[in-house]
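1. return a 3D structure for these sequence lines:
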Amino acid sequence: QVQLVESGGGLVQAGGSLRLSCAASGRTFSSYTMGWFRQAPGKEREFVAAISWSGTTYYVDSVKGRFTISRDNAKNTVYLQMNSLKPEDTAVYYCAARRGLLSRVSYEYDSWGQGTQVTVSS
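-> Model (predicted):
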């Protein structure tokens with residue numbers, strides 16, 4: 001497993017942007033599929049985006065065209081650039097890692113960060 005630490009959350013107005021970062025420990029980061037999930041109050045955790053070791057990406061429909069996931073294997077870091085934010089994007093955002101192919105299923109991820117709060121005001 002890898003240790004994951006998210007940062008970059010905060011309060012932003014609708015239409016604004018934020019970039020989340022997730023720093024990972026370990027020497028095998030480049031071999032992991034990395035994902036971002038989010039959980040709003042009273043709702044289940046939902047998939048947002050994922051990126052494979054080779055850079056293939058996968059997004060939930062609600063963020064396509066607004067969010068971009070990327071990774072820097074030299075820095076052991078994965079990013080989530082969030083543009084055109086909406087109030088419904090408000091949630092705690094979690095970074096996750098798994099060995100294997102891209103997945104949108106949370107229980108297929110082995111390691112999780114502590115989460116970072118994103119609040120979008122209207």
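
2. secondary structure class for the nearest residue to Gly35 once chain neighbours are set aside?
-> Once flanking residues are discounted, Gly35 sits nearest to Ala50: 4.0 Å by CB to CB, 6 or more residues apart in numbering. Just so you know, the C-beta spots here come from the backbone N, C-alpha and C atoms, and that holds for glycine as well. When classified by DSSP: H, G, I helix; E, B strand; the rest coil, Ala50 comes out as strand.

3. in the protein, which residue is closest to the centre?
-> With distances taken as CA atoms, centre = their mean, the residue of the chain nearest its centroid is Trp36 (2.4 Å).

4. what about the helix or strand harbouring that one, distance to the chain center?
-> Using DSSP states H and E, Trp36 sits in strand 32-39. Relative to the mean C-alpha coordinate of its chain, strand 32-39 is positioned 5 Å out (CA atoms, centre = their mean, to the nearest Å).

5. what packs against it?
-> Counting contacts by 3 or more CB pairs under 8 Å, 6 or more residues apart in numbering; DSSP states H and E, strand 32-39 packs against strand 18-24, strand 46-51, strand 67-72, strand 77-82, strand 91-99.

6. reformat the ones you listed as JSON lines; add distance to Ser111 and mean neighbour count.
-> Shown next, in JSON lines, are these (distance: least, CB to CB, whole Å; neighbours: other CB atoms under 10 Å):
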{"stretch": "strand 18-24", "distance to Ser111": "8", "mean neighbour count": "20"}
{"stretch": "strand 46-51", "distance to Ser111": "14", "mean neighbour count": "21"}
{"stretch": "strand 67-72", "distance to Ser111": "15", "mean neighbour count": "18"}
{"stretch": "strand 77-82", "distance to Ser111": "12", "mean neighbour count": "22"}
{"stretch": "strand 91-99", "distance to Ser111": "4", "mean neighbour count": "22"}
